[in-house]
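Chemist: here's my sequence, what's the structure:
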Amino acid sequence: MSLVNLSIRHGRTLDDARQRLEQVVVEVQKNLGAVVHQTEWSADRSSVRLAGIGFEARLSVDVQEVHVAIDVPLLGNILASPVVARLKEVVQDKFQKRLE
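Modeler: Numbers count the residues shown, from 1 in each chain. All right, here's what the predicted structure looks like:
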């Protein structure tokens, strides 16, 4: 298996980070819903597991960072590559602060 890890310091409250994590999942399901077959949330909504064709991803937030770990089986690399790229893009978009 290949493992992709990404951690981003979010600089937000934990509640805001949880809301943004939910936004990430909604957007991923909207854009990649055909390949995401399973979504499992923790009781406090600070972590989620997404599983689908050729990948499994675990996303979580803590008081300082958002963490993404994506497992991709060797044979699933071709199928999962666009999923991994899109997931990283959505997380970065939702969590990185921008100048306004």
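Chemist: partner strands of the host helix or strand of His67, with direction?
Modeler: Per DSSP states H and E: His67 is located in strand 65-72. According to DSSP bridges, strand 65-72 forms sheet pairs with strand 2-9 (antiparallel), strand 55-61 (antiparallel).
Chemist: and the ones you listed: which comes nearest Lys94?
Modeler: Minimum separation from Lys94 across the strands paired with strand 65-72 (CB to CB) falls at strand 2-9, 9.6 Å. Yep, even glycine has a C-beta here, placed from its N, CA and C like the rest.
Chemist: hmm, who's touching the helix or strand following that closest one?
Modeler: For strand 2-9, the following helix or strand on the C-terminal side (DSSP H and E) is helix 14-32. Applying CB atoms under 8 Å, 6 or more residues apart in numbering, the external contacts of helix 14-32 come out as 10, 12, 36, 39, 44-46, 48, 50, 52, 59-63, 66, 83, 86-87, 90-91, 94-95.
Chemist: what do you get if the cut-off is 7 Å, keeping everything else the same?
Modeler: Helix 14-32 has contacts (CB atoms under 7 Å, 6 or more residues apart in numbering) with 10, 36, 39, 45-46, 48, 50, 59, 61, 63, 66, 83, 86-87, 90-91, 94-95.
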